[in-house]
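A.B. asks: Provide a 3D model corresponding to the input given below.
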Amino acid sequence: MAQETNAVNEAVELVKEAQKPSAFNLADVIKERGYPTKEVTIYTDAESAFTLVDLEDKMNAMTEDSDEYKKLEAEAEKLAEVVSGSKLTFLMRGVGQGIVEVITDKADRMFKKPDAKEDDYAADWFKFYVTSLVAANIVKVTNADGSVDEKHYEYEEMLEIRNHLPADSWGLLVDTMQKLTLATGYFKGLTDAGFLPRS
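C.D. replies: Predicted structure coming up:
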């Protein structure tokens, strides 16, 4: 009986100890935590996608029971499979101000003219800045077969990807990066809406 009482008392003490506020490492808490993430799906086979849209436009002008409609429908189904096979899903996560500043400084050193005004940025500066930020936001990429690429991309590699992606697909990645990394006021919006205490 005494052993059981001791075991219960030890358990109670462990629970009390676990509930006490404890020290924490601020750097560990902040680093790579708390940034928003988002999955973005793009398709790389622009030619097949264009043909598929063209077929669908033709089909919309026909009656569904016509022979021509059925022929186009069969073609459309095959093309849809081809387009689906070019699917890439990007998991993106926002990055901290430190990374934004490193990329900005590097862009300034590489592309900004010494006599340029503060807001006078060249097209090459913007290309480097935006492409590097997109690269920094990519956590992993999954293809249509489920294979995963978790490589960290540098500017040159991301630029090559940018140059080969359809414009709307690249635009979607840029838009997501802007929302995850460059948009501000997440916490202010939550506080204003009453979800977080104003303290």
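A.B. asks: which residues in this protein form helices?
C.D. replies: Secondary structure of the chain (DSSP state H): helices at 2-19, 26-30, 46-60, 67-84, 97-111, 123-137, 155-164, 167-177, 186-192.
A.B. asks: out of those helices, deepest packed?
C.D. replies: helix 123-137 (a mean of 19; mean count of other Cβ atoms under 10 Å). The C-beta positions use only the backbone N, C-alpha and C, and glycine is treated the same way.
A.B. asks: which residues does residue 100 contact?
C.D. replies: Residue 100 makes contact with 133, 181-182, according to Cβ atoms under 8 Å, 6 or more residues apart in numbering.
A.B. asks: what is the nearest of those to residue 175?
C.D. replies: residue 182 (10.5 Å; Cβ to Cβ).
A.B. asks: and the gap between that closest one and residue 103?
C.D. replies: Residue 182 sits 11 Å away from residue 103 when distances are taken as Cβ to Cβ, to the nearest Å.
A.B. asks: overlap in contacts of the two?
C.D. replies: With Cβ under 8 Å, 6+ apart as the test, residue 182 and residue 103 both reach residue 133.
A.B. asks: make CSV from the helices of the chain and add mean pLDDT and distance to residue 37 to it.
C.D. replies: Formatted as CSV, the helices of the chain follow (pLDDT from 0 to 100; distance: least, Cβ to Cβ, whole Å):
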stretch, mean pLDDT, distance to residue 37
helix 2-19, 57, 30
helix 26-30, 59, 16
helix 46-60, 89, 26
helix 67-84, 90, 24
helix 97-111, 91, 15
helix 123-137, 94, 9
helix 155-164, 96, 18
helix 167-177, 94, 10
helix 186-192, 46, 13
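A.B. asks: so for residue 149, which of these sits nearest?
C.D. replies: helix 155-164 (11.0 Å).
A.B. asks: quick one, that closest one and helix 97-111 angle?
C.D. replies: Calculated by axes from the mean of the first three to the mean of the last three Cα atoms, to 10 degrees, helix 155-164 forms an angle of 80 degrees with helix 97-111.
A.B. asks: hang on, the earlier thing: so which of the helices of the chain gets nearest residue 38?
C.D. replies: So among the helices of the chain, helix 167-177 is nearest, using Cβ to Cβ, at 5.6 Å.
A.B. asks: could you check the angle that closest one makes with helix 123-137?
C.D. replies: With the same axes, to 10 degrees as the basis, helix 167-177 and helix 123-137 are set at 70 degrees to each other.
A.B. asks: counting by contacts, list what helix 167-177 packs against.
C.D. replies: For helix 167-177, the packing partners by 3 or more Cβ pairs under 8 Å, 6 or more residues apart in numbering; DSSP states H and E come out as strand 37-43, strand 87-93, helix 123-137.
A.B. asks: can I get that helix in PDB, CA atoms only?
C.D. replies: Taking Å, rounded to 0.1, in the frame of the first residue of the first chain, the C-alpha atoms of helix 167-177 are listed here in PDB:
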ATOM      1  CA  ALA A 167       3.800  32.400 -67.300                       C
ATOM      2  CA  ASP A 168       0.600  31.800 -65.400                       C
ATOM      3  CA  SER A 169       2.300  29.000 -63.400                       C
ATOM      4  CA  TRP A 170       5.200  31.200 -62.500                       C
ATOM      5  CA  GLY A 171       2.800  34.000 -61.600                       C
ATOM      6  CA  LEU A 172       1.000  31.700 -59.200                       C
ATOM      7  CA  LEU A 173       4.300  30.900 -57.400                       C
ATOM      8  CA  VAL A 174       5.200  34.600 -57.200                       C
ATOM      9  CA  ASP A 175       1.700  35.500 -55.900                       C
ATOM     10  CA  THR A 176       2.000  32.800 -53.200                       C
ATOM     11  CA  MET A 177       5.500  34.000 -52.100                       C
END
